[in-house]
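In: This is a predicted model, with the sequence first.
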Amino acid sequence: MTTAALTVRFWGVRGSTPTPGPRYQRYGGNTSCVEVRHGPHLLILDAGTGLRELGLSLPTDPPLDADLLLTHTHLDHIGGLPFFGPIYETANRFVLWAGHLAPERTLEGVLHEFMADPVFPIPPSRFAAHVRYRDFKAGEVLHPREGVVVRTGPLNHPNRATGYRIEAGGRSVCYVTDTEHRDGERDADIVALVQGADVLIYDSTFSDEEYPRFRGWGHSTWQEGVRLADAARVAQLVVFHHDPSHDDEVMDRIAAEVAEARPGTVVAREGLVLTLA
């Protein structure tokens, strides 16, 4: 029997705010959204503005039955949800997960605040799809679909955030974005979460040279991604969550530097597909 591949597609790779325009064409300007598939199962990581494009690509038949895993609910990670067409189709089913809000708040409550008059005219109660909200605590192990295990861990970010490790078909993809490292040490929670993973998608908002100016903002560097991937024996690192000031020319320089520092590393761009057979 052939085991289904684990595939990863990037729909939004930018952090903080969308960056439209000609200076961002090669890597893309939409905010965080990553599609993960294993056989019939669809898992979506974050709901940044890239989610709209993902929604436009999805078939209307057969009906969708998918999971949306949110790292946190800052605007750049949920800004695409109001414009996600499939969530307004009655035949579709979605489970929305968040591990950073409980016990003080719920995901459903936060989204109702976000999509509320006078900021937005359509509240989540108008979603026509069948939507379930699942709040959990970072560190729990989730079993969203048959044959799919999702391990979770806490990240160092203002208002909290959650990292994910998706395991299916004997392969593993880790999504660790919006986390700030500590100088001179590796985050033990993240090392444990990503240990031996096939792919690590990591918050590489800054470079080590830029980082001191933004200490406390809750983001990391591509160099720390290299150090972390080496420490945890990750097979492939993916540089992700690009800073809005990093246009195509800057990203090309980062791509060259990170390829030299850790051969096989890739810089995420919209449309990039990774297949783990």
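Out: That came through, no problem. Numbers count the residues shown, from 1 in each chain.
In: Going by C-alpha atoms from here, please, whenever you check contacts or count neighbours.
Out: OK.
In: From what I see, G147 and R171 are in contact.
Out: No. Using Cα atoms under 8 Å, G147 is not in contact with R171; the gap is 11.4 Å.
In: Pairing partners for the host helix or strand of V95, with directions?
Out: Element membership of V95 [criterion: DSSP states H and E] is strand 93-98. Next to strand 93-98 in the sheet, as set by DSSP bridges, lie strand 65-70 (parallel), strand 130-135 (parallel).
In: how close does the residue lying closest to A5 once chain neighbours are set aside sit to E89?
Out: Residue nearest to A5 in three dimensions, not counting chain neighbours: A277, with 4.3 Å by Cα to Cα, 6 or more residues apart in numbering. A277 sits at a distance of 32 Å from E89 (criterion: Cα to Cα, to the nearest Å).
In: the more surrounded of those two?
Out: E89 (15 against 12; other Cα atoms under 10 Å).
In: mind checking how far the more buried one is from A47?
Out: The value you get for E89 to A47, if Cα to Cα is used, is 17 Å.
In: any idea how far T73 is from Y164?
Out: Using Cα to Cα, which is the criterion applied here, Y164 is 15 Å from T73.
In: Give me the more crowded residue out of these two.
Out: Neighbours per residue, other Cα under 10 Å: of Y164 and T73, the larger number sits with Y164, 30 against 22.
In: Let's see the pLDDT reported for the more buried one.
Out: pLDDT, Y164: 98.
In: Quick check on it: phi, psi?
Out: When read as degrees, to the nearest 10, the backbone of Y164 gives phi -130, psi 140.
In: So what's the residue count around the closest residue in space to it that isn't next to it in sequence?
Out: Using Cα to Cα, 6+ apart and skipping residues adjacent in sequence, the residue nearest Y164 is T152, 4.7 Å away. T152: 27 surrounding residues under other Cα under 10 Å.
In: Likewise for R213?
Out: 9.
In: quick one: it is in a helix?
Out: Yes. R213 sits within a helix when classified using DSSP: H, G, I helix; E, B strand; the rest coil.
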